[in-house]
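Q: coords please:
(one chain, ligands or ions: 1)
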Amino acid sequence: MKIGVDLGGSKILSILADYSDGSKKIRVLKQFQCETEADKGETKVVENIVKAIKAVMPEHESPEMIGIASAGNPYNGRMYGMNNFNIRDGFALEAKLKKFFPNITIKMDNDVNCFALAEHLHFQKPNLIGITLGTGVGGGIIINHKLYGGTRNSAGEFGHMVIVADGEKCTCERKGCFEEYCSARALERYYLKLAGGKKPAAEITLGKNANSKKAIAEFGKYLGIALANIANIFDPDIIVIGGGLSNIRGLMQYARDGVKDAKFLGRKVRIEKSFFGSISPAIGAIML
Ligand SMILES: [Zn+2]
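A: The predicted structure is shown next:
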């Protein structure tokens, strides 16, 4: 038995699952969720992670490992790029957790890498690209059945691929990044421009009125451009789309139409929605 934890900006999700390395199946036995309380600082976040792990701990045995899927770029047991969480660069999360669980192996990776691993378990394709759409845009790359992390375990930042020259200013300081066109704030911006009033992304995604549908179409157009670029670069078997915004009504059709425009590729790349949904990163953490 193994424990997977998804450490997110607002929530921590933990699962206990029956899984052995190399197996093509996973069985989730227990699941728990609590608040991250990132605003209360590192000590509180660690306390909540420990709480989430203990909540799914098997009663009569010790789990083989604990995998942590986290935002940012965990590297060598330390956290990086988690400024939004009030967690400083280099924070030794693995060592902190080891104090509570000294005899259990702890592994950590980026949440979107974990997402890609989980979806790979289900789809079993050698070359898979995972894209998550939510507050931001994340990416994970699987090449020949193996996660590709790059030199600093930071590969797959598709969100910061420029798709519009001189476009919207991004948080990374560049202009026209994919993330500025296919995130929750982008959807809200399209809606505001069309309707002249604000609506939260979660409502727009339902596509219940003409302006919501138009905003979704705008979002879908840019998603298609980005996916066609990714398809042309990687020639993957499959691109799997997850994250909260993957539930946008009609989005998969826009995604598929967009990739069809990648004519250079000469064939269709399969586009699918996440199989494991919101527990996908926690499942992937178990596979680390
Ligand atoms: Zn950017």
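
Q: same question for stretch 113-125, mean pLDDT?
A: What stretch 113-125 shows for mean pLDDT is 97.

Q: Buried residues in it, which are they?
A: 113-122, 125 (16 or more other C-beta atoms under 10 Å). Heads up, the C-betas are built off the backbone N, CA and C, glycines and all.

Q: try stretch 56-68
A: Buried residues in stretch 56-68, counted by 16+ other C-beta under 10 Å: 56-57, 63, 65-68.

Q: Around the ion, pick out the residues from this protein.
A: 160, 170, 172, 174, 177 (C-beta under 5 Å from the ion).

Q: Try it again at 8 Å.
A: 159-160, 162, 170-174, 177-180 (C-beta under 8 Å from the ion).

Q: if I've got this straight, residue 3 is in a strand?
A: Yes. Applying DSSP: H, G, I helix; E, B strand; the rest coil, one finds residue 3 inside a strand.

Q: how about residue 62, phi and psi?
A: phi -100, psi 140 (degrees, to the nearest 10).

Q: That one and residue 38, how far apart?
A: According to C-beta to C-beta, to the nearest Å, residue 62 and residue 38 sit 29 Å apart.

Q: Contacts only, for residue 78.
A: Residues in contact with residue 78 (C-beta atoms under 8 Å, 6 or more residues apart in numbering) are 90-94.

Q: Keep only those of these that are in helices.
A: Assigned to helices by DSSP state H, the following of these qualify: 93-94.

Q: okay, which residue is most central for this protein?
A: The residue lying closest to the centre of the chain (C-alpha atoms, centre = their mean) is residue 112, at 3.6 Å.

Q: contacting residues around that residue?
A: 130, 132, 138-140, 156, 281.

Q: before we move on, what about residue 107?
A: With contacts defined as C-beta under 8 Å, 6+ apart, residue 107 is in contact with 65-68, 285, 288.

Q: can you do 10 Å?
A: Residues in contact with residue 107, defined by C-beta atoms under 10 Å, 6 or more residues apart in numbering, are 2, 4, 65-69, 74, 77, 94, 285-288.

Q: Which secondary structure element is home to it?
A: strand 105-110 (DSSP states H and E).

Q: repeat for residue 68
A: For residue 68, the secondary-structure element it belongs to, assigned by DSSP H and E, is strand 65-70.

Q: thinking residue 269 is in contact with residue 256, fair?
A: Yes. Applying C-beta atoms under 10 Å, one finds residue 269 in contact with residue 256, separated by 9.1 Å.

Q: okay, those two: which has more neighbours?
A: Set residue 269 next to residue 256 and count neighbours by other C-beta atoms under 10 Å: residue 269 wins out with 22 against 17.
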